[in-house]
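J.: below are the sequence and a predicted model; questions follow.
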Protein chains: 2
Amino acid sequence: MKRRTIKDIAKESGFSLSTVSLVLNNHPRISQSTRDRVMEVVRKYDFHPNSAARGLASKSSRTLSVVIPNLSRVFSDIYLGEIISGIYERATSQGYKILLDIATAQFIESQEYSKLLASRRADGMLFIASDIHADYLHVFEDSPYPFLLVNHLFPGKRLNYVAVDYASSARLAAEHLLGLGHRRIGLIAGTNTHTGLIFRDEFLRACKSWPAGAADVTWVDGGEEWSQRGGYAATAKLMDLKPGLTAIMAANDRMALGAMRWMVDHHLEVPEDVSVMGVDDIQIAAYVNPGLSTIRHDLYQVGIEACNRLLQLMNGQIKECSDLLPTSLVVRGSTGRVPSGK
Amino acid sequence: MKRRTIKDIAKESGFSLSTVSLVLNNHPRISQSTRDRVMEVVRKYDFHPNSAARGLASKSSRTLSVVIPNLSRVFSDIYLGEIISGIYERATSQGYKILLDIATAQFIESQEYSKLLASRRADGMLFIASDIHADYLHVFEDSPYPFLLVNHLFPGKRLNYVAVDYASSARLAAEHLLGLGHRRIGLIAGTNTHTGLIFRDEFLRACKSWPAGAADVTWVDGGEEWSQRGGYAATAKLMDLKPGLTAIMAANDRMALGAMRWMVDHHLEVPEDVSVMGVDDIQIAAYVNPGLSTIRHDLYQVGIEACNRLLQLMNGQIKECSDLLPTSLVVRGSTGRVPSGK
DNA sequence: CTTGCCTTGTCGAGCGTTTTACCGGATGAA
DNA sequence: TTCATCCGGTAAAACGCTCGACAAGGCAAG
């Protein structure tokens, strides 16, 4: 099968190579009548210009690299899906395609993140996979390549980011639980990301400085994957350390679901015996029993905004970016007033 | 910033353009000593060959297109994540990258699926997004482009596919419930995919021809998105139509979770009053209360296998593909013997 | 000393676009 | 009439790599 090229279109339509190219790129230089005659031939052959040739000549791949974390079953976390949907929406509307990568050990060791941009396979990179050990990202400080962290940040590194305001989420959550009278609180923290650490520290701070009396907060780590399983194990640990806890705060909804499951398995009622609260407001949070109180993070919006900012970095409209997006409290059935007599 | 090319490497290392190219492609023609001297320079400059130029000259983009369904919050379904992880694993190991697309209305109307392959932006396509209305896919019958449906199929169209054996799943599920004595069963079906229809029809058939006595199965549609919400609504409808149901069979776990939620909201015990069963064995199925009985679909394996087959189609090792992968029963707490006296 | 073959490296013609000059003709003002 | 300007289109030089054809040199066999 002979592959058609712009040359065939030129020959058949009677115009030059350049003219066809200009038509295909909607260049204003070309008159409507010429445009029509060329497009007729283009449609007749269902012609689509070769993207490699385009990329070579134009020095742009019209492609964005998106790197996601290497958690087992990573997609099951709505967390990611929302962000990616947002990115896709924005990227597509600007004529960009998405090249997906997973931050596996192999991906990092072979420095794919550099290779992708250096080889011009992608014009810019959105990185959703940063944990506190991602020191290799320092290559993107002052790098000529457009790079942006999505819902992560790296204190001490000059890296662009768009993220939800985790400190504000921590305050909202703390105020909700404290306002319900809780003073003995267990915190299941995520400590493998900087945003997780920010959440933990701000939550502790808010509980310590509560006007109506400081709360006693015990925290444990919820595990690398922020999963139900991790939340379950962390809850077991907390309840062992401090049997009198009246509330469990988890750094995301999945761990909170693990906590609720532990309560059921140990014949404790939520929220009568213990209140449980999460963060993110994933879809299933409204479908468990009781519904999970949580902090809403609009991750779709994070995706949109992150992609927007990356595009601005790419065309030079901005030089750097450090956006924090707002969050809000969602109250459902899993939190209630502290049990009387406790 | 001057971008380095293969030419600079050639000059600096004292070899020809072609030699550098051959080294970079690990061609056996080149001796070890030459290879070493070239690679030294390559590393010195952290050089990465331009992928557009490579693609243009080699007529291959080393990229696979993956198209996923346009469900709102689509990623929240572990269903997809598992498949994509499998695809990624396989594709990466063969040096291919993944170009992600979502089957939005825009994607379909603008015939992006053709454009991607015709413009050589991707060398082959894995389509996870097929519903019964995807008639436009007929363009891939006898198309020169490698194309494969993932966990879907299209009776009546000559399209390659790799899918789980839904008919076998239906039999396993039916046998489990019938074996527990259930004879009045509600089925929440997914009717917008051919695999969903196959499941429904085979489930009905199996229930009708059960040796120990046919069951009375009532089925309703669970909605386009196979979601908790849809499962919840479908359960309401079923329980209204047939108040005496002793078991609910849902075509996926998410709808089953919706069904369980409905039971809780209406003070019915699972499985004491009604058994509930799903399909897929998503991660959370083990974490709800009671644990969800289901049919395990190894979707990671589907991804691996699908990618394998596509690569074989691409290099001509096979001409067509219609694989069905096995499934298995997983019994947890949500199904039990039919209540006595019912 | 030929001849032929093998090994290793080089030449150079593409690959299919974009984009910068440039050009001819029409238009309009002086 | 002349000259500058504009308009619509074209020629051709990149863009950076791959790969088939070819060449040089070494070596073994006759």
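T.: Cool, the structure landed.
J.: who's in contact with A:I188?
T.: The contact partners of A:I188, by C-beta atoms under 8 Å, 6 or more residues apart in numbering or on different chains, come to A:219-222, A:230-231, A:234-235, A:238, A:248-251, A:255-256, A:259. Placement of C-beta: from N, CA and C, glycine included.
J.: now, these that are in strands?
T.: The strands, defined by DSSP state E, take in A:219-221, A:248-250 from the contacts of A:I188.
J.: ok, those residues vs DNA strand D, which is closest?
T.: Distances from DNA strand D to these, taken as C-beta to the nearest atom of the strand, are shortest for A:D221 (45.4 Å).
J.: which stretches of chain A have low pLDDT?
T.: Residue ranges of chain A with pLDDT under 70: A:1, A:71-78, A:341-342.
J.: rerun at 80
T.: Within chain A, the stretches with pLDDT under 80 are A:1-2, A:71-79, A:283, A:340-342.
J.: returning to that earlier point: how about the ones in strands among the contacts of A:I188 in CSV, adding distance to B:S340?
T.: Output for the ones in strands among the contacts of A:I188, formatted as CSV (distance: C-beta to C-beta, whole Å):
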residue, distance to B:S340
A:W219, 49
A:V220, 45
A:D221, 47
A:I248, 39
A:M249, 44
A:A250, 41
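J.: so which residues of the stretch 101-250 of chain A form strands?
T.: Shown for the stretch 101-250 of chain A, the strands assigned by DSSP state E, counting those that start in this stretch span residues A:124-127, A:147-150, A:161-164, A:184-189, A:216-221, A:247-250.
J.: A:G186 contacts A:A215, doesn't it?
T.: No: between A:G186 and A:A215 there is no contact under C-beta atoms under 8 Å: 10.8 Å.
J.: those two: who's more crowded?
T.: Neighbours around A:G186 and A:A215, counted as other C-beta atoms under 10 Å in any protein chain shown, are more numerous at A:G186. The numbers are 25 against 22.
J.: what's across from that one in the sheet?
T.: Listed beta-bridge partners, A:G186: A:T218, A:I248 (assigned using DSSP bridges).
J.: what residues does it make contact with?
T.: A:217-220, A:235, A:238-239, A:241-242, A:245, A:247-249.
J.: try 10 Å
T.: Contact analysis of A:G186 by C-beta atoms under 10 Å, 6 or more residues apart in numbering or on different chains lists A:216-220, A:234-235, A:237-239, A:241-242, A:245-250, A:259, A:274, A:276.
J.: what's the answer for A:S130, then?
T.: A:67, A:69, A:103, A:137, A:149-154, A:157, A:159, A:161, A:193-195.
J.: which of the strands of the stretch 101-250 of chain A sits most buried?
T.: Most buried of the strands of the stretch 101-250 of chain A by mean neighbour count (mean count of other C-beta atoms under 10 Å in any protein chain shown) is strand A:247-250; its value is a mean of 30.
J.: how far away from the center of its chain is that strand?
T.: 23 Å (C-alpha atoms, centre = their mean, to the nearest Å).
J.: what about the residue of the stretch 151-300 of chain A found nearest DNA strand C, how many residues close to it?
T.: Closest approach between the stretch 151-300 of chain A and DNA strand C, counting by C-beta to the nearest atom of the strand: A:N160, at 25.7 Å. Neighbourhood size, A:N160 [other C-beta under 10 Å]: 23.
J.: that one against A:M314, yeah?
T.: No: in this structure, A:N160 is not within contact of A:M314 by C-beta atoms under 10 Å, at 11.4 Å.
J.: shared neighbours, those two?
T.: Common neighbours of A:N160 and A:M314, using C-beta under 10 Å, 6+ apart, are A:146, A:148.
J.: that older thread, of the contacts of A:S130, closest to DNA strand D?
T.: Among the contacts of A:S130, A:V67 lies closest to DNA strand D (C-beta to the nearest atom of the strand), at 23.0 Å.
J.: list the helices and strands the host helix or strand of the closest one packs on?
T.: Following DSSP states H and E, one finds A:V67 within strand A:63-68. Contact here means 3 or more C-beta pairs under 10 Å, 6 or more residues apart in numbering or on different chains; DSSP states H and E; on that basis strand A:63-68 packs against helix A:78-93, strand A:97-102, helix A:112-118, strand A:124-127, strand A:147-150, helix A:299-314, helix B:78-93, strand B:97-102.
J.: mind checking if the last one is in reach of chain A?
T.: Yep, that's strand B:97-102 we're talking about. Yes: contact between strand B:97-102 and chain A, assessed by C-beta under 10 Å from any C-beta of the partner chain, occurs at B:97-102.
J.: can you list the strands that that strand pairs with?
T.: Its sheet considered, strand B:97-102 pairs with strand A:97-102 (antiparallel), strand B:63-68 (parallel) by DSSP bridges.
J.: so which of the strands of the stretch 101-250 of chain A comes closest to A:S16?
T.: Closest approach to A:S16 among the strands of the stretch 101-250 of chain A (C-beta to C-beta): strand A:124-127, 33.8 Å.
J.: cool, thanks, talk later.
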